[in-house]
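Q: Here is a sequence together with a model predicted from it:
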Amino acid sequence: MDNTVSIFPIDVVVYPNQTIPLRIFEPRYRQMLDKCMSEDRTFAISTVNPDKKVGGWDGPNNVGTLVYVTKCEDLDLTGTNYYIEIVGKERIEIIAVSYTHLRAHETDSYLVCRLLLE
């Protein structure tokens, strides 16, 4: 597995083998979800660290969980509001975070991280 993945900093803790639902509606995380679903259905999730700014946004803490999307539904059939279910795969250590732009002059892009699988 490549050690660079998309990351969703959110105040939710996911443990390995735990399943949780999420609603994705922010444009930058919809972009992240589109990329995730077109590839291997995985991304990282970590709690937010307000003292660690990346691209003007609160960044993630250094520990998180690699998760796998088991269910993805477009709630209003417009591509603006998704319901997903994720399952924790394994604990990760985040060693670097960067801000990814999908399109030129994009302001709503998401974070990616390099990680160390534990």
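A: Perfect, thanks for sending it. Numbers count the residues shown, from 1 in each chain.
Q: does the spatially closest residue to N61 that is not a sequence neighbour sit in a helix or strand, and which one?
A: Spatial nearest neighbour of N61, chain neighbours left out: N49 (4.6 Å); criterion: C-beta to C-beta, 6 or more residues apart in numbering. C-beta coordinates here come from the backbone N, C-alpha and C atoms, glycine included. Using DSSP states H and E, the element containing N49 is strand 48-54.
Q: which other residues reach that strand?
A: 9-11, 58-61, 97-99, 111 (C-beta atoms under 8 Å, 6 or more residues apart in numbering).
Q: That strand pairs with which strands, and in what direction?
A: strand 57-60 (antiparallel) (DSSP bridges).
Q: ok now the partner strand, how far from the chain's centre?
A: Centroid separation between strand 57-60 and its chain, computed with C-alpha atoms, centre = their mean, to the nearest Å, is 12 Å.
Q: what does stretch 39-48 give?
A: Relative to its chain's centre, stretch 39-48 lies at 4 Å (C-alpha atoms, centre = their mean).
Q: buried ones in it?
A: By neighbour count with 16 or more other C-beta atoms under 10 Å, stretch 39-48 contains the buried residues 43-46, 48.
Q: distance between the ends of that stretch?
A: Start to finish, the residues bounding stretch 39-48 are 25 Å apart (C-alpha to C-alpha, to the nearest Å).
Q: The lowest-mean-pLDDT helix or strand in the chain - contacts with which helices or strands?
A: Here the helix or strand of the chain ranked lowest by mean pLDDT, DSSP states H and E is strand 111-117, holding a mean of 78. Here strand 111-117 touches strand 4-9, strand 57-60, strand 63-74, strand 82-99, going by 3 or more C-beta pairs under 8 Å, 6 or more residues apart in numbering; DSSP states H and E.
Q: for the nearest residue to T100 once chain neighbours are set aside, what are its contacts?
A: Using C-beta to C-beta, 6+ apart and skipping residues adjacent in sequence, the residue nearest T100 is V112, 4.8 Å away. V112 is in contact with 4-7, 97-100, counting by C-beta under 8 Å, 6+ apart.
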